[in-house]
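got a structure for you, letters missing:
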C-alpha cells in the first residue's frame, strides 16, 4: 500500500500546529520559502538543506525515444531536470543499519 502524498495543505496544517502562528502567516512563510527555492533552482544554483538533502539542476541532452502509444520513434528534446540526493542523516533514518 502506497502512503498518501504530503500535500501543501497538509504541510501547512502540520506547520501551523507546530509553530502556533496564524494560518495566513504560515501560508505566507511557506510560499516565500518555496519561491526562494524555485528561484535558486531556476538560476541553476545547488540547493542544500542540512540534514535533509541537496537539490541540483542537471542538463539532459536530446535523445531518441519511442511514442508509448504508437511505438513510433521520436526525438526527445534537451531539458533541465531537478535531482535530489538525501543527506547522510536522512539516508540513515530511511535505512537504519541492521542490528544482527
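Yep, that arrived. Note that the structure is a prediction, hence the values are computed from the model and not measured.

in contact with residue 20, which residues are there?
Going by CB atoms under 8 Å, 6 or more residues apart in numbering, residue 20 touches no other residue. The C-beta positions use only the backbone N, C-alpha and C, and glycine is treated the same way.

which pLDDT value belongs to it?
Per-residue pLDDT puts residue 20 at 86.

distance of it relative to residue 13?
13 Å (CB to CB, to the nearest Å).

just want the most central residue of this structure.
Centroid-nearest residue in the chain: residue 84, 6.7 Å away (criterion: CA atoms, centre = their mean).

bridging residues for that residue?
residue 55 (DSSP bridges).

how much space between it and residue 23?
As judged by CB to CB, residue 84 and residue 23 stand 28 Å apart.

contacts only, for residue 81.
Residues near residue 81 by CB under 8 Å, 6+ apart: 57, 58, 60.

report the buried residues of the helix or strand hosting the first one.
Residue 57 belongs to strand 53-60 when assigned by DSSP states H and E. Under the neighbour-count criterion of 16 or more other CB atoms under 10 Å, strand 53-60 has 53, 55, 57 buried.

now render these as a markdown table, adding pLDDT.
Output for the buried residues of strand 53-60, formatted as a markdown table (pLDDT from 0 to 100):
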| residue | pLDDT |
| --- | --- |
| 53 | 97 |
| 55 | 97 |
| 57 | 96 |
